[in-house]
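Peer 1: build me a model from this:
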Amino acid sequence: MHEQLLGQHSADRLISQEHIEFYRENGFVQVNDLLDEDELATLREYMEESMSAKEGLSVKTGKDNAAYARVLNQKVNTWRDHGGMATFAFHPRFAEIALRLTGAKGIRFFHDHALWKMPGDTNATPWHQDSPKWPMNEDGCMSIWIALDDVDENNGCMMFVPKSHKVGKLTNISLHDPVNIFDFVQGTELADRKPVRVPLKAGSCTFHDGLTFHYAHANKTDKPRRAYAIIYMPDGTTFNGKPHMVSDGQSCTPEEPLRGPMFPLLAKVPAQR
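Peer 2: Next up, the predicted model:
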């Protein structure tokens with residue numbers, strides 16, 4: 001518990017300057033052994049409880065859309081119904097790594113989501129960017145994606161297109177009725193860039209920029225592929241006024257920073273003395 005309260009020091013153990021440079025150049029980075037065995041077991045238990053519970057303030061997306069459910073069984077803002085999930089959603093270790101990777105002066109929480117890719121008949125998650133889905137004016141938002149099971153191309157590991165975050169914000173891609181995002185970059189260097197597959201051991205993770213092209217393989221195994229994601233944004237990120245399940249009903253003002261109790265500041269650069 002003492003280490004968990006010292007997110008800065010545990011970040012020192014997990015990432016180096018090479019991680020930071022790789023992330024900024026390529027728009028994603030792998031971080032191994034983010035969770036120890038006890039933390040991994042605890043998060044699995046909490047997420048099982050959260051996903052099986054009746055919905056409260058969290059939102060199960062795609063529950064009325066069978067096509068979406070074949071891509072992802074997902075619940076957003078699990079922390080609002082499960083105090084144990086909140087300890088991971090607001091974990092200082094994770095936020096400190098996000099702060100260092102982005103180079104922001106502060107990192108705020110936007111939302112979390114539990115991601116189960118169900119066995120047998122699920123589809124791949126198509127190539128997309130995350131940022132077009134989120135109600136933010138500025139770039140710089142990012143995700144941590146934590147594997148709760150070993151993942152590879154057989155059960156839904158992620159793939160990324162290096163440097164694709166540099167192309168800017170394109171369009172929102174439907175996960176169950178997608179268009180080909182590469183159609184938007186035909187004739188550019190990005191169209192021919194080779195994607196990178198990122199298998200992970202349980203307890204390891206990736207961080208990726210909200211503009212980075214990414215994809216997840218279908219789950220062809222007989223067990224769910226479980227992952228936990230947290231969305232972060234630089235402090236000062238402003239609301240663009242567009243509807244979103246997380247910001248709706250939160251008295252967010254267009255062109256004003258997203259802040260307050262729903263979007264807490266989790267890490268910041270220490271003030272110089």
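Peer 1: where does the chain have low pLDDT?
Peer 2: Within the chain, the stretches with pLDDT under 70 are 1-9, 62-72, 121, 273.
Peer 1: okay, the longest helix anywhere in it in PDB with CA atoms only?
Peer 2: If you go by DSSP state H, the chain has its longest helix at helix 37-52. Extracted as PDB, the C-alpha positions of helix 37-52 are listed here (Å, rounded to 0.1, in the frame of the first residue of the first chain):
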ATOM      1  CA  GLU A  37       0.500 -10.700  -8.900                       C
ATOM      2  CA  ASP A  38      -1.600  -9.400  -5.900                       C
ATOM      3  CA  GLU A  39      -2.800  -6.300  -7.800                       C
ATOM      4  CA  LEU A  40      -3.600  -8.400 -10.800                       C
ATOM      5  CA  ALA A  41      -5.700 -10.800  -8.800                       C
ATOM      6  CA  THR A  42      -7.500  -8.000  -7.100                       C
ATOM      7  CA  LEU A  43      -8.300  -6.200 -10.300                       C
ATOM      8  CA  ARG A  44      -9.700  -9.400 -11.800                       C
ATOM      9  CA  GLU A  45     -11.900  -9.900  -8.800                       C
ATOM     10  CA  TYR A  46     -13.200  -6.300  -8.800                       C
ATOM     11  CA  MET A  47     -13.800  -6.300 -12.600                       C
ATOM     12  CA  GLU A  48     -15.700  -9.600 -12.400                       C
ATOM     13  CA  GLU A  49     -17.900  -8.100  -9.700                       C
ATOM     14  CA  SER A  50     -18.400  -4.900 -11.700                       C
ATOM     15  CA  MET A  51     -19.300  -6.600 -14.900                       C
ATOM     16  CA  SER A  52     -21.800  -9.000 -13.300                       C
END
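Peer 1: in its sheet, which strands sit next to the following helix or strand past it, and in what direction?
Peer 2: Where DSSP states H and E defines the elements, the next helix or strand beyond helix 37-52 is strand 59-61. With DSSP bridges as the test, strand 59-61 is paired with strand 73-76 (antiparallel).
Peer 1: what does the partner strand contact?
Peer 2: The contact list for strand 73-76, computed with Cβ atoms under 8 Å, 6 or more residues apart in numbering, reads 50-51, 55, 58-62, 111-118, 224, 245-246. Every C-beta, even on glycine, is put in place using the N, C-alpha and C of the backbone.
Peer 1: try 7 Å this time
Peer 2: With contacts defined as Cβ atoms under 7 Å, 6 or more residues apart in numbering, strand 73-76 is touched by 50-51, 58-62, 111, 113-116, 118, 245-246.
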